[in-house]
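Asks: build the 3D model from these lines:
(2 chains, ligands or ions: 1)
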Amino acid sequence: MSLYETQKLLYHLNREPKLKASFLEDHDAVLQEYSLTEEEAGAVRDHDIGLLYVLGVNGQILMHFAAMLGIAWGDYLQLMRDGVERHGPVRAGVYKLSGYEGVDAHDRALREKRNQKAKG
Amino acid sequence: MPLVYAGVCSHGPGITARSDQADPDTRDRFYGALRAMGDEIRASGAELLVVVAAEHFANFFMNNMPAFAMGMADAYEGPIEDPDWLKIAPVKVPGDAEASHSLISSVLESVDVAYAEEWKFDHGIMVPLHFLTPAYDLPVVPCNINCQGPPLTPLYRAWAFGEALRSACDSTPRNIALVGTGGISHWPATPDSGKINEPWDRTFMDRWVAQDKEALLSYSDADIYRDAGQGGFEIRTYIAAAAAAGGMGKIAFLEPIPIFATMGVVASKAVT
Ligand SMILES: [Fe+2]
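Replies: I've put the predicted structure just below:
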């Protein structure tokens, strides 16, 4: 799982016009610079918004990748829905449907700390 | 009285990008309320605008994510999004590095804040400024609370940050306005974009108006995620604004606008 790397690539594409130009010219040349799994690289190469969403890419990063590819807003939302339909629930990141990865633990820790503070 | 104005408003790229798809009457009343907020800020005599925002991986990424950050530059560029997509023209927004420096120094006495001498504004700041200061003639001090990449700072720390900003403002002779900006409940950029939990939002804003600190800080992240979506984490900006202001609030606009993927919110606070 290299969700971090996938998001890093898309984040860089969103903010670096030169990288964006290179990417549009030759996807693979840019993909080589990042350590993505085959599945992740394939999703980026194929502009597979649905799979990228399922892999856990944050929408605040993904929506700009979609806009860069000229995908209209309504189509972008539909592609994510189709992705969940085809590939199953989101596997990682903020939208992991089984809850919110990390947040329960985070929340529990905060409660404990607060209780401790109240006691002590 | 160096803090002369405090308020909050919602943001979202759809507010400008998808303007033509919104119900015209609701949209225009929302825009009107935002512009009126700009008028109030100008009328307050503010010389500086502190914007407490929650950006979206424009400057801060998971390689080095600050819980709190403040800008310290004489100018900021924006928007980082495609201007044609956001429908906001590229602009250089004035900052004030010296004023930032003094505010940051003061905030650091109680909250560890990162500073940034370079900051490209995303829609979280550009959309509010587009309406509040359309001439971009008020120097801005941008502040960010990480509301996107967990782990997130606890709500009571967002409150502490607001209090730190207030005492920082009080330690300068300049008149300062402060605006917090974020969604309330929303599921932006996801398949649930457009979903809004209006009752949850109204309860939250009741607490905000009443300056009910305990109720404002009582939400857990799990509660927020369940009831208000990942966009709801941005209540941290409203909480910081409440802590900075100290007084009761007044709602100018509070209506759901689903195509904007958020509630339209415009509200101000008594600075006490
Ligand atoms: Fe936001």
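
Asks: okay, helices next: where are they in chain A?
Replies: A:3-15, A:17-25, A:27-31, A:38-45, A:49-55, A:59-68, A:73-87, A:103-119 (DSSP state H).

Asks: do the same with the stretch 101-250 of chain B
Replies: All helices of the stretch 101-250 of chain B, identified by DSSP state H, counting those that start in this stretch, fall at B:123-132, B:155-170, B:198-209, B:213-216, B:221-228, B:235-245.

Asks: tell me how many other residues crowd the closest residue to chain A within the stretch 151-272 of chain B.
Replies: Chain A sits closest to residue B:189 of the stretch 151-272 of chain B, with a gap of 2.8 Å, by Cβ to the nearest Cβ. Heads up, the C-betas are built off the backbone N, CA and C, glycines and all. Residue B:189 has 27 neighbouring residues, counting by other Cβ atoms under 10 Å in any protein chain shown.

Asks: got a pLDDT number for it?
Replies: You'll see residue B:189 listed with a pLDDT of 86.

Asks: again, but for residue B:139
Replies: Reported pLDDT for residue B:139: 98.

Asks: rewinding a little: from what I can see the residue of the stretch 151-272 of chain B closest to chain A touches residue A:63, true?
Replies: Yes: shown here, residue B:189 and residue A:63 form a contact pair, counting by Cβ atoms under 8 Å, at 4.3 Å.

Asks: residues touching stretch B:191-207, excluding its own?
Replies: Outside stretch B:191-207, the residues that touch it by Cβ atoms under 8 Å, 6 or more residues apart in numbering or on different chains are A:53, A:59, A:77, A:80-81, A:84, B:184-187, B:215-216, B:227-229, B:232, B:235, B:238, B:249, B:251, B:254, B:256, B:258-259, B:261-263, B:265, B:267.

Asks: ugh, typo on my part, it should be stretch B:97-111
Replies: B:48, B:50, B:68, B:70-74, B:113, B:115, B:117, B:139, B:141, B:157, B:160-161, B:163-165, B:167-169, B:171-172, B:174.

Asks: buried among those residues? Make that a PyMOL selection.
Replies: Buried subset of the contacts of stretch B:97-111, written as a PyMOL selection, criterion 16 or more other Cβ atoms under 10 Å in any protein chain shown:
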select buried, chain B and resi 48+50+68+70+71+72+73+113+115+139+141+157+160+161+163+164+165+168+169+172+174
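
Asks: find the nearest non-adjacent residue to the residue in chain A that chain B sits nearest to, please.
Replies: Nearest residue of chain A to chain B, counting by Cβ to the nearest Cβ: residue A:59, 2.8 Å away. Leaving aside its chain neighbours, residue A:59 sits nearest to residue B:189 (2.8 Å; criterion: Cβ to Cβ, 6 or more residues apart in numbering or on different chains).

Asks: quick one: residue A:75 from residue B:35, how far?
Replies: Separation of residue A:75 from residue B:35 (Cβ to Cβ, to the nearest Å) stands at 32 Å.

Asks: and for residue 38, the neighbour number?
Replies: In the absence of a named chain, this looks at chain A. As a burial measure, residue A:38 scores 7 neighbours (other Cβ under 10 Å).

Asks: sorry, should have said chain B
Replies: 21.

Asks: so what's it scoring on pLDDT?
Replies: Residue B:38 is given a pLDDT of 98.

Asks: could you do the one 5 residues further on as well?
Replies: Residue B:43 is assigned a pLDDT of 98 by the prediction.

Asks: one more: residue A:14?
Replies: For residue A:14, the model assigns a pLDDT of 89.

Asks: stretch B:127-137 and chain A in contact?
Replies: No: using Cβ under 8 Å from any Cβ of the partner chain, stretch B:127-137 never reaches chain A; the gap is at least 13.9 Å.

Asks: endpoints of stretch B:33-51, how far apart?
Replies: Chord length of stretch B:33-51, first to last residue, is 18 Å (Cα to Cα, to the nearest Å).

Asks: quick one: buried residues of it?
Replies: Buried, per 16+ other Cβ under 10 Å, within stretch B:33-51: B:33-34, B:36-38, B:40-41, B:44, B:46-51.

Asks: roughly how far out does it sit from the chain middle?
Replies: 14 Å (Cα atoms, centre = their mean, to the nearest Å).

Asks: same question, stretch B:144-156
Replies: Taking mean C-alpha positions (Cα atoms, centre = their mean), stretch B:144-156 and its chain are 14 Å apart.

Asks: can it be found next to chain A?
Replies: Yes: residues of stretch B:144-156 contacting chain A under Cβ under 8 Å from any Cβ: B:148, B:149, B:150, B:151, B:152, B:154.
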